[in-house]
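Novice: Here is my input, please return the structure:
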Amino acid sequence: MNAFPFDRSATMKAAAAERLARFAEWTGTTPPERILDGEGAEATFSDALLAYAEAEGLSLDWLWLADDKGLVMACHNAAKAEAARKALPPACNARFAALDGVLDAIDELAKVQDMLELLFMAGEGIARSDRTTGSAIVRGAGMAQHALAAARDLLDDARAAMVNGGEA
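Specialist: This next block holds a predicted model:
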C-alpha cells in the first residue's frame, strides 16, 4: 500500500502526460514512455520518470498537480543565491570558479573510469582473438588517454586558480 496516496484518475494521468510533453518540448529532451508503474491503488511514479525528473529538473508537483509554487520558489532561491554570489569578494568568486574546474576534472576522470571498464569488457573478448575486439581496445585506450589528459589539464588549471586567487 502506498504511504502517500494520490489521485490516479484518467483525468490526472492525461493532464500529467500533457504537461510532460510540454516540458519535453520546452527543454528539447525525450521524456520517458511511462509516467506510472503499477495499476490502481498500487500505481506510483515510474523509475524512468523519477530519473528523468531528477536529471532534467522537472518538478513532480507541477507535473502531477500543476502546482507552480515549487517552480516559483526554485527561481526565487536561484536569484537569491546569484545575488549572494555577486556580493562576495572577487577572491571568493575565484575560488568558486576554481571549484567548478575541479568538478569538471572529476567528470573527466569519471569518463576515464567508464572507458577503462569498457576496455576491460572488451579485453574479455580477446580470448577469441578477433580483430574487432583488438580494434575496440585500441580505440578505447586512445579515448581514455585523451580524457585523462583533459582531466589533468583541468586539475592543473583549478590548482593554479586556487593558489593564485582565481587567475590560472
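
Novice: Give me the neighbour count for Asp67.
Specialist: 13 (other C-beta atoms under 10 Å). Heads up, the C-betas are built off the backbone N, CA and C, glycines and all.

Novice: Tell me which residues touch it, please.
Specialist: Ser59, Asp61 (C-beta atoms under 8 Å, 6 or more residues apart in numbering).

Novice: Three-state assignment for it, please.
Specialist: Local secondary structure at Asp67 is given as coil here, using DSSP: H, G, I helix; E, B strand; the rest coil.

Novice: Could you give the backbone dihedrals for the residue most central in space within the chain?
Specialist: Centroid-nearest residue in the chain: Ala55, 4.6 Å away (criterion: C-alpha atoms, centre = their mean). Backbone torsions for Ala55, taken as degrees, to the nearest 10, come to phi -70, psi -40.

Novice: per-residue pLDDT, Gly101?
Specialist: Gly101 is assigned 79 on the pLDDT scale.

Novice: can you check the one 4 residues further on too?
Specialist: At Ala105 the predicted local confidence, pLDDT, stands at 80.

Novice: Tell me the buried residues in the biggest helix by length in the chain?
Specialist: Looking across the chain with DSSP state H, the single longest helix is helix 90-124. Applying a neighbour-count criterion of 16 or more other C-beta atoms under 10 Å, one finds 94-95, 97-98, 101-102, 104-105, 108-109, 111-112, 115, 118-119, 122 buried in helix 90-124.
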